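>>> Quick one: sequence plus predicted model below, questions after.
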Amino acid sequence: MTKTFKDATPPPVLDPAFLAIQRARLVALRNGLSRSMDLDAEEARQVLAADQDHANETEDRAQDLAIDENDRILSSQLSQQLIAVDRALAKLDEGTYGFSDVSGLPIPIARLQAFPQALRTISEEPGSSSGTHAALEVPERS
């Protein structure tokens, strides 16, 4: 019989003070990501308005397309990070914060301190030398 997440041996109980700090960090991170996404949307509207005001020369249009593509990539990354933060907050509410969404294994405290929205262990991250799981890709900040 395969172990499910609920059958996994729990890690040491996380300290309530640590969880409160993590919740505050996650809420602040979510607010910052939301503000960034709102600013990006406003900047996109301003760029579109400016585009309509000037002639569409080929060179300018190519630069605009490159900028638009970069903006879409950034927006996608911000969205993925926001999804991870919301999931981590949900895990706090569920009592599963600190467990991998992939395997149910405990995520080391040091990783959670460095990356409070971590949803997987390092070895489960895409591109990890020992990672074999495909899951939601959420970029980490260096």
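Yes, it's here.

>>> Quick one: end-to-end distance for stretch 102-109.
End-to-end distance for stretch 102-109, by CA to CA, to the nearest Å: 17 Å.

>>> what's the next secondary structure element after the one helix or strand residue 83 maps to?
Using DSSP states H and E, residue 83 sits within helix 58-94. Remark: after helix 58-94, the chain's next helix or strand is helix 109-114, criterion DSSP H and E.

>>> Now do the buried residues in that following helix.
Residues of helix 109-114 classed as buried by neighbour count (16 or more other CB atoms under 10 Å): 111-112. Yep, even glycine has a C-beta here, placed from its N, CA and C like the rest.

>>> Likewise for stretch 97-110?
Here stretch 97-110 shows 97-107 as buried, counting by 16+ other CB under 10 Å.

>>> any idea of the mean pLDDT in that stretch?
Average pLDDT, stretch 97-110: 93.

>>> Now the terminal residues of it, how far apart.
By CA to CA, the extent of stretch 97-110 from end to end equals 14 Å.

>>> Number the residues from 109 up from this point.
OK, 109 is where the count begins now, so the last one is stretch 205-218.

>>> Tell me which residues are up against stretch 132-145.
183, 186-187, 189-190, 193-194, 196-197, 200, 224-225 (CB atoms under 8 Å, 6 or more residues apart in numbering).

>>> Identify each buried residue in it, please.
Neighbour count says stretch 132-145 has 133-134, 137-138, 141, 145 buried, by 16+ other CB under 10 Å.

>>> Tabulate the residues you listed in CSV, adding columns for distance to residue 175.
Below are the buried residues of stretch 132-145 laid out as CSV (distance: CB to CB, whole Å):
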residue, distance to residue 175
133, 32
134, 31
137, 26
138, 27
141, 21
145, 17
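
>>> Out of those residues, list just those in strands.
In strands, defined here by DSSP state E, there are no members of the buried residues of stretch 132-145.

>>> Which of those fall within helices?
Among the buried residues of stretch 132-145, the members falling in helices (DSSP state H) are 133-134, 137-138, 141, 145.

>>> Columns pLDDT and distance to residue 124 on top of the residues you listed, output as TSV?
Shown next, in TSV, are these (pLDDT from 0 to 100; distance: CB to CB, whole Å):
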residue	pLDDT	distance to residue 124
133	96	15
134	97	15
137	94	20
138	93	21
141	89	26
145	80	31
